[in-house]
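Chemist: Give me a model of this one.
(one chain, ligands or ions: 1)
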Amino acid sequence: MSSLPVRLIEPVIDERIFVTQPHLAPLAEFLPYLEKIWNSKVLTNGGPFHQQLEKALCDYLGIDHLALFANGTLALVTALQAHRVTGEVITTPYSFVATAHSLLWNGIKPVFVDIDPDTLNLDPAKIEAAITPHTTAIMPVHCYGRPCDVEAIQKIADNYNLKVIYDAAHAFGVKTRGASVLRHGDLSVLSFHATKVFNTFEGGAIVCPDAKTKQRIDHLKNFGFVDETTVVAPGINGKMSEINAAFGLLQLKHIDEALERRRQIDAKYRGMLADVKGVRCLPEPGSADEYVANHSYFPILVTDEYPVGRDALFQHLRDHDIYARRYFYPLISEFPMYRGLPSAHGANLPVAADAARRVLCLPIYPALENHDMERIVGLIAAPQR
Ligand SMILES: *Cc1c(COP(=O)(O)O)cnc(C)c1O
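Modeler: Numbers count the residues shown, from 1 in each chain. Presented below is the predicted three-dimensional model:
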């Protein structure tokens with residue numbers, strides 16, 4: 001009884017290490033933005049911070065047009081609406097479930113196609129066989145921010161007159177041949193969720209190739225309103241608020257330091273894991289001067305040479321307060337609303353099934369310290385201890 005007040009004021013030290021931790025700008029730096037919002041009383045509906053963030057992101061990413069959204073999932077749903085995509089869409093089972101959910105929300109039938117074993121992205125060689133008279137689009141994912149084979153995908157799309165809508169939720173800041181990977185396809189969709197490389201707490205965006213497409217998307221994200229009395233489409237409320245947009249402007253000031261620390265962590269993991277038998281890191285795509293990665297995730301694949309299975313390693317790390325994540329397990333095609341589809345059958349997706357069984361994403365975020373990484377790799381190197 002007498003010890004109770006003392007215990008109540010003891011600081012709670014959380015020793016757990018999660019797969020990610022949001023990178024937050026110092027709170028004091030955010031206060032001037034809040035003061036501006038409180039003074040102007042403009043809280044949403046495309047206010048000044050919303051406009052500034054759209055412009056700042058275009059400049060930073062090296063793209064021409066972008067429409068902000070309240071989150072990445074609404075942006076995916078709206079991107080499909082913008083191109084009036086219907087029928088069947090070819091997509092990957094190896095992703096976050098929102099990729100396929102955005103299809104179901106549009107009454108579209110997902111058709112799952114297997115992935116490439118090196119990139120874990122949609123395998124272009126397997127797309128053509130899945131095309132039917134109902135196919136209208138391809139929705140690939142730049143999984144872990146690693147670029148899809150964009151040229152091969154575009155070639156197929158051109159041959160069959162299909163739209164390409166990239167789920168680029170992982171691909172913020174990624175460049176191929178010195179330019180943004182977001183320039184590919186008809187549209188690309190970003191997520192600024194708290195767990196992503198660049199976050200606005202919740203948020204997302206559609207990258208558009210021209211002003212006309214952006215205008216249509218801007219109407220769709222605001223109920224279809226064109227002006228006070230004109231509604232041109234059954235739009236949704238997908239708008240980003242001024243608080244999120246202001247926070248995004250501040251976050252953008254700190255993004256380069258965050259990406260640099262991620263790069264260092266990736267290199268250190270690769271170096272330390274090189275000697276660990278039975279653990280495979282994904283190869284770095286392309287040469288350094290033309291490919292810029294964002295190191296949004298650090299996936300490893302647990303091979304048959306490893307002394308225990310992936311799930312035993314996952315549990316071993318948990319027992320030591322390391323919360324690695326099995327991204328992406330289960331496959332989207334295994335969830336109840338998808339598993340009845342003919343394309344969801346395991347025999348159609350052997351590479352994805354194998355990756356889902358072996359993958360483990362290790363903690364990676366700017367505040368992760370070298371001694372944490374050394375401890376994590378130590379635990380991986382001695383899974384039976
Ligand atoms: C995070 C994520 C989404 C969803 O984005 P939200 O902003 O959380 O709605 C969609 N697809 C992929 C691949 C994601 O990782």
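
Chemist: could you point out where the stretch 151-300 of the chain is predicted with low confidence?
Modeler: Counting by pLDDT under 70, the stretch 151-300 of the chain contains low-confidence ranges at 287-289.

Chemist: Close to the ligand: what parts of it are there?
Modeler: Asp167, Ala169, His170, Ser191, His193, Gly204 (C-beta under 6 Å from any ligand atom). C-beta: built from backbone N, CA, C; applies to glycine.

Chemist: tell me which of these is nearest to Gln384?
Modeler: For those, the closest approach to Gln384 (C-beta to C-beta) belongs to His170, at 33.2 Å.

Chemist: quick one on the thing from earlier: nearest to Leu24, of the residues of the stretch 151-300 of the chain next to the ligand?
Modeler: Using C-beta to C-beta, these come closest to Leu24 at His193, 13.9 Å.

Chemist: Around that closest one, how many other residues sit close by?
Modeler: Using other C-beta atoms under 10 Å, His193 has 20 neighbouring residues.

Chemist: circling back to that earlier point, quick one: which of the residues of the stretch 151-300 of the chain next to the ligand sit in strands?
Modeler: Within those, residues falling in strands by DSSP state E are Asp167, Ser191, Gly204.

Chemist: Quick one: mean pLDDT over the host helix or strand of Ser102.
Modeler: Using DSSP states H and E, Ser102 falls within helix 98-104. The average pLDDT for helix 98-104 rounds to 98.

Chemist: For the next helix-or-strand element following it, which strands pair with it and how are they oriented?
Modeler: Note on helix 98-104: by DSSP H and E, the next helix or strand toward the C-terminus is strand 109-112. According to DSSP bridges, strand 109-112 has the following sheet partners: strand 88-91 (parallel).

Chemist: Next, see if the partner strand gets close to the ligand.
Modeler: No: contact of strand 88-91 with the ligand (C-beta under 6 Å from any ligand atom) is absent, the minimum separation being 10.7 Å.

Chemist: Could you list the residues in contact with that strand?
Modeler: With contact meaning C-beta atoms under 8 Å, 6 or more residues apart in numbering, strand 88-91 is reached by 80, 99-100, 103, 108-113, 122, 127, 130-132, 134-141, 162.

Chemist: on that earlier part again, give me the helices and strands touching the helix holding Ser102, please.
Modeler: helix 72-82, strand 88-91, strand 109-112, strand 135-139, strand 163-167 (3 or more C-beta pairs under 8 Å, 6 or more residues apart in numbering; DSSP states H and E).

Chemist: and if we set it to 10 Å?
Modeler: In terms of contacts (3 or more C-beta pairs under 10 Å, 6 or more residues apart in numbering; DSSP states H and E), helix 98-104 is packed against helix 72-82, strand 88-91, strand 109-112, strand 135-139, strand 163-167, strand 187-191.
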